[in-house]
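Q: sequence and predicted structure below; questions after.
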Amino acid sequence: MAKRKIFYGWWIVIAAAVLHFFGGGAFFYGFSTFFNPIRNTFGWSAAVTSVAFTLRGIEQGALGPVAGLLVDRIGARKLMLAGWCVIGLGFYLMSRINSLWAFYGSFLLVATGMSFGTGLVMNTVVANWFTKKRSRALAITFIGPGACGLLAPLLAFSISQIGWRDTLSITGIVLFAVGVPLSLLFRHKPAQYGYLPDGEIAASMPETESGLNLNPTGKTAGQESESSARSFTAKEALKTRAFWLLSLVFFFQQVGTSAVTVHIVPYLESVKVPTAIAALAVTGMTLSSLIGRLGFGLLGDFTNKRYLIAISLVIQTVGILIFSLIDVNRSWLIIPFLLTYGPGFGGPIPLRPALQADYFGTKNFGTIMGLISLIGTVGGLASPVIAGWVFDTSGSYHLAWQIFALLSVPAIPLILLTKPPDVNLKQ
C-alpha cells in the first residue's frame with residue numbers, strides 16, 4: 001500500500017485538538033474559576049449555582065443522540081460552524097446576566113453550541129478517518145482538552161483584573177474567532193475524497209482525472225473499505241450486551257468526574273487554598289491527564305483497550321479518595337491527587353470512542369456514541385448539585401468525594417465484562 005506524505009486526517013486531528021483546547025478550557029475546566037465570582041455577585045448558594053451544570057448535562061445528554069444522528073447524515077462542518085457561532089453568542093449573553101434564570105439560559109445556550117461544535121461531532125470525524133491508528137489519533141486529539149487547563153489561571157487572572165463579565169465577553173469573541181475558521185477544515189469521511197483510513201491507498205488503483213483512486217468496480221478506495229467494514233446500526237447496537245455495559249461504565253465514571261470538574265476550585269478555596277493555587281490545580285489536573293490520554297491512548301492500538309480502561313478507572317478512584325482528604329493542614333495532598341486522578345481520568349477519554357468503533361464500526365458511529373452518552377451522562381447530572389448541597393449543609397465537601405469515589409468502583413468490573421458484540425445479531 002502506498003502512503004500519502006501528508007494525510008489530511010492529521011490536519012483534522014490537529015484542528016480538533018485546538019478546538020478541544022479552547023472549548024474545554026473555557027467551558028468545562030476553566031469555568032470553575034467563574035463559579036464563586038458569579039455566585040458571590042448575586043448571593044446564590046453553591047447548590048443553586050451548580051444546577052446550571054446539571055442542566056448542561058441534561059441538555060447535552062438529550063442532544064447527544066441528535067448530534068450523533070445529524071453528523072452521520074449531513075457531516076460535521078455545517079454542525080460545527082453553527083455550534084461555534086452559538087458558543088460565542090452564549091458567552092457574550094452570559095456576560096450580561098442579571099438573574100439566575102438568565103444564567104441558566106445562557107449556560108444552556110453555550111452547552112448547545114458545544115454539543116454540535118465539539119466532542120461527539122469531532123470524535124466521529126476522527127474515528128472515520130483512522131482505523132489502525134485510531135487510538136493514536138484520538139489520543140493526539142485529546143491533547144487539546146488535556147492542555148486546556150492552562151487557560152484556568154489566565155481566566156482567574158483576568159477575572160481578578162477586569163471582572164467576570166468582561167472576561168466572559170472576551171472569551172466569547174475569542175471562541176468565535178478560533179472556532180469558525182477551524183470548523184471549515186473538517187471533512188466527514190475519507191471515502192468522499194478518495195482515501196482509505198490512515199492515509200493508505202491501493203497502489204494498483206488507477207488515478208482518475210478527478211484525483212480519486214478507483215478500483216475495478218468503480219468505487220473509490222474509501223468507499224470499498226467502508227462497504228466491507230463491520231458496522232452496526234443504532235438499532236442493532238441497542239440489542240447488544242456490549243452497548244449497555246459501555247454505557248454503564250460511562251455512567252459510573254461520570255459520577256465522580258463531573259463533580260470534581262465543577263467544584264475543584266470552590267472546594268480548594270473552602271479549605272483555605274488560595275484562588276491562584278486552586279486555579280493552578282485545574283491546570284495540573286488537565287496536564288497530568290495527558291499522561292493517561294497519551295500513554296493509554298497510544299497503547300490502545302497494541303493492547304487490549306478494556307484492560308487499559310480498567311487500570312485507568314482504578315487510578316481515578318484512588319485519586320478521588322486522595323482528593324477527599326485535602327484540608328487546610330494537608331494541602332500537599334494536591335500533588336498525589338493530580339498524579340493519580342489526572343492520568344486515571346484521562347486514560348478512558350481516547351480509549352472509549354476507539355473501543356466503540358472497534359465493536360460497532362464507524363458507519364453509524366455518531367448515532368451510537370450519542371446514545372451511549374445519553375445514558376452515561378445521567379451519572380454526572382446529579383453529582384455537582386449533591387456536592388454543592390453537601391457543602392451548603394455541612395460546610396465541607398469531604399463526604400461528597402468519599403461517596404463519589406465509592407460510586408465510581410462499579411465501572412471497573414463492568415468494563416472487564418464488556419466483550420465484542422456478536423456479529424450475528426446484525427442479521
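A: Structure's in. What do you need?
Q: list the contacts of the residue lying closest to residue 153 once chain neighbours are set aside.
A: Leaving aside its sequence neighbours, residue 153 sits nearest to residue 279 (C-beta to C-beta, 6 or more residues apart in numbering; 4.6 Å). The C-beta positions use only the backbone N, C-alpha and C, and glycine is treated the same way. Residues counted as contacts of residue 279 (C-beta atoms under 8 Å, 6 or more residues apart in numbering) are 33, 152-153, 155-156, 265.
Q: give me that answer again for 7 Å
A: Going by C-beta atoms under 7 Å, 6 or more residues apart in numbering, residue 279 touches 33, 152-153, 156, 265.
Q: any idea which of these is closest to residue 330?
A: Within the contacts of residue 279, the smallest distance to residue 330 is 17.8 Å, found for residue 265 (C-beta to C-beta).
Q: show me the contacts for that closest one.
A: 32-33, 35, 278-279, 282.
Q: which SSE is it in?
A: Assigned by DSSP states H and E, residue 265 belongs to helix 241-270.
Q: with residue 292 instead?
A: Here residue 292, judged by DSSP H and E, is contained in helix 275-299.
Q: specify the angle between that helix and helix 241-270 in degrees.
A: 160 degrees (axes from the mean of the first three to the mean of the last three C-alpha atoms, to 10 degrees).
Q: which parts of helix 275-299 are buried?
A: 275, 278-299 (16 or more other C-beta atoms under 10 Å).
Q: C-terminal to that helix, what's the next element?
A: According to DSSP H and E, the helix or strand after helix 275-299 is helix 305-324.
Q: okay, buried residues for the helix or strand that comes right after that next one please.
A: The helix or strand immediately downstream of helix 305-324 is helix 334-346, counting by DSSP H and E. In terms of neighbour count (16+ other C-beta under 10 Å), helix 334-346 has its buried residues at 334, 337-346.
Q: over to stretch 306-324?
A: Neighbour counts over stretch 306-324 (16+ other C-beta under 10 Å) mark 306, 308-324 as buried.
Q: can you check stretch 176-188 too?
A: Under 16+ other C-beta under 10 Å, the buried positions of stretch 176-188 are 176, 178-180, 182-183, 185-188.
Q: on that earlier part again, the helix holding residue 292 to helix 334-346, inter-axis angle?
A: 40 degrees.
Q: any idea how far the nearest residue to residue 343 once chain neighbours are set aside lies from residue 175?
A: Leaving aside its chain neighbours, residue 343 sits nearest to residue 292 (3.7 Å; criterion: C-beta to C-beta, 6+ apart). Distance of residue 292 to residue 175, given as C-beta to C-beta, to the nearest Å: 26 Å.
Q: residue 270 now?
A: For residue 270 relative to residue 175 (C-beta to C-beta), the value is 30 Å.
Q: out of those two, which sits in the more crowded spot?
A: Using other C-beta atoms under 10 Å as the criterion, residue 270 and residue 175 rank with residue 175 on top: 27 against 20.
Q: which neighbouring elements make contact with the host helix or strand of that one?
A: Counting by DSSP H and E, the element that carries residue 175 is helix 164-183. Here helix 164-183 touches helix 8-23, helix 32-42, helix 77-94, helix 151-162, going by 3 or more C-beta pairs under 7 Å, 6 or more residues apart in numbering; DSSP states H and E.
Q: of all the ones you listed, which lies closest to residue 358?
A: Among the helices and strands packed on helix 164-183, helix 8-23 comes nearest to residue 358, with 17.6 Å by C-beta to C-beta.
Q: what residue is smack in the middle of this protein?
A: residue 119 (5.2 Å; C-alpha atoms, centre = their mean).
Q: as a markdown table, the helices and strands packed on helix 164-183 with mean pLDDT would be great.
A: As requested, those are exported to a markdown table (pLDDT from 0 to 100):
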| stretch | mean pLDDT |
| --- | --- |
| helix 8-23 | 89 |
| helix 32-42 | 86 |
| helix 77-94 | 92 |
| helix 151-162 | 88 |
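Q: okay, those helices in a markdown table with distance to residue 65 next?
A: Supplementary listing: the helices and strands packed on helix 164-183 in a markdown table, determined by distance: least, C-beta to C-beta, whole Å:
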| stretch | distance to residue 65 |
| --- | --- |
| helix 8-23 | 20 |
| helix 32-42 | 28 |
| helix 77-94 | 14 |
| helix 151-162 | 30 |
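Q: select, out of the ones you listed, the one closest to residue 195.
A: Here helix 8-23 is closest among the helices and strands packed on helix 164-183 (C-beta to C-beta), at 7.0 Å.
Q: what angle sits between that closest one and helix 164-183?
A: For helix 8-23 and helix 164-183, the angle between their directions (the same axes, to 10 degrees) works out to 170 degrees.
Q: need the residues that contact helix 8-23.
A: Against helix 8-23 from outside (C-beta under 7 Å, 6+ apart): 114, 118, 122, 125-126, 129-130, 137, 140-145, 147-148, 175, 178-179, 182, 185-187, 190, 193, 199.
Q: hang on, the earlier thing: check contacts around the residue nearest to the centre of the chain.
A: Applying C-beta under 7 Å, 6+ apart, no residues qualify as near residue 119.
Q: now the element after the helix or strand of the chain with the lowest mean pLDDT, going C-ward?
A: Between all helices and strands in the chain, the lowest mean by mean pLDDT, DSSP states H and E belongs to helix 221-228, at a mean of 36. Using DSSP H and E, the helix or strand that follows helix 221-228 in sequence is helix 234-238.
Q: any stretches of the stretch 201-350 of the chain with poor pLDDT?
A: Along the stretch 201-350 of the chain, the parts satisfying pLDDT under 70 run over 201-230.
Q: please read the previous query as pertaining to the stretch 1-150 of the chain.
A: Ranges of the stretch 1-150 of the chain meeting pLDDT under 70: 1-5, 60.
Q: circling back to that earlier point, would you list the buried residues of stretch 176-188 in a markdown table and tack on distance to residue 16?
A: Shown next, in a markdown table, are the buried residues of stretch 176-188 (distance: C-beta to C-beta, whole Å):
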| residue | distance to residue 16 |
| --- | --- |
| 176 | 18 |
| 178 | 13 |
| 179 | 12 |
| 180 | 15 |
| 182 | 9 |
| 183 | 10 |
| 185 | 9 |
| 186 | 8 |
| 187 | 12 |
| 188 | 13 |
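Q: just curious, which of those residues is nearest to residue 390?
A: Taking the buried residues of stretch 176-188 together and measuring to residue 390 by C-beta to C-beta, the closest member is residue 179, at 35.8 Å.
Q: okay, that closest one: pLDDT?
A: As predicted, residue 179 sits at a pLDDT of 92.
Q: from what I can see it touches residue 82, true?
A: No: Residue 179 lies out of contact with residue 82 (C-beta atoms under 7 Å); the separation is 10.5 Å.
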